[in-house]
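Q: next come a sequence and a model predicted from it.
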Amino acid sequence: MTVTIFHNPNCGTSRNTLALIRNAGIEPEIVEYVRHPPGREQLKDMIAKAGLTVRGALREKGTPYADLGLENPTLTDEQLLDAMVEHPVLINRPFVVTPLGVHLCRPSEVVLDILPSPQQGPFTKEDGEVVINEQGRRVL
C-alpha cells in the first residue's frame, strides 16, 4: 500500500495533511513537488482522478499566476499545464494519492476520505481546530 503526498513543507495545509496521514499509522512517500514536480502526464492524471479541472488545480496566491496572465479565460488546459510544469509553485497543494483515490486536500481533513487506515488517536490542526477526537473519530 503506497500513499503519496505532493507536499510543500512551507504550507500549513500541507503539513496538517501529512500529519493526518501519519496519524493513521501510514508513512507516506513525500514528494516536495516544488523541487521535484510531477511530470506533465502524471499531473494531468492526478487532476483528472481528483475530479478537478486544470484551472481548479491552479494556485494563485504567492505564485506568478497574475504575472503570467493565467487569469485569461481563453487559455487552454494545455497552456495551463505548460505553465504548471514550468512553474510547479502554480500546482495547488497538497495532492494525495492512495489506493482509494486522489484528492487535492484543501482543507486538510479531505484526506480522511481516501486513507486506507483509520485515525489512531486525536488530532488537532496547527491552528487549534480539533479534527479527530480522543476516540479517533472525525469531529464535524
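A: Structure's in. What do you need?
Q: list the contacts for the residue nearest the centre of the chain?
A: Centroid check for the chain by Cα atoms, centre = their mean gives Pro94 as the closest residue, at 1.8 Å. Applying Cβ atoms under 8 Å, 6 or more residues apart in numbering to Pro94 gives the contacts 5-8, 11, 13-14, 17-18, 104-105, 108. C-beta coordinates here come from the backbone N, C-alpha and C atoms, glycine included.
Q: please identify which pair of the residues you listed lies farthest apart.
A: By the measure Cβ to Cβ, Leu18 and Leu104 form the most distant pair in those, at 14.4 Å.
Q: for the chain, just list every one of the strands.
A: Secondary structure of the chain (DSSP state E): strands located at 4-7, 29-32, 95-98, 101-104, 123-124, 130-132.
Q: the shortest one pairs with which strands?
A: Strand 123-124 has its sheet partners listed here by DSSP bridges as strand 130-132 (antiparallel).
Q: one step back: got TSV for the contacts of Pro94, with neighbour count, pLDDT and distance to Leu58 too?
A: Shown next, in TSV, are the contacts of Pro94 (neighbours: other Cβ atoms under 10 Å; pLDDT from 0 to 100; distance: Cβ to Cβ, whole Å):
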residue	neighbour count	pLDDT	distance to Leu58
Ile5	25	98	19
Phe6	28	98	14
His7	23	97	18
Asn8	21	96	15
Cys11	19	95	15
Thr13	19	97	16
Ser14	24	98	16
Thr17	28	98	19
Leu18	21	98	22
Leu104	22	98	11
Cys105	27	98	16
Ser108	25	97	19
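Q: quick one on the thing from earlier: in JSON lines: the strands of the chain, plus distance to Arg55.
A: Listed next are those as JSON lines, based on distance: least, Cβ to Cβ, whole Å:
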{"stretch": "strand 4-7", "distance to Arg55": "18"}
{"stretch": "strand 29-32", "distance to Arg55": "22"}
{"stretch": "strand 95-98", "distance to Arg55": "15"}
{"stretch": "strand 101-104", "distance to Arg55": "13"}
{"stretch": "strand 123-124", "distance to Arg55": "32"}
{"stretch": "strand 130-132", "distance to Arg55": "28"}
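Q: fine, thanks again, bye for now.
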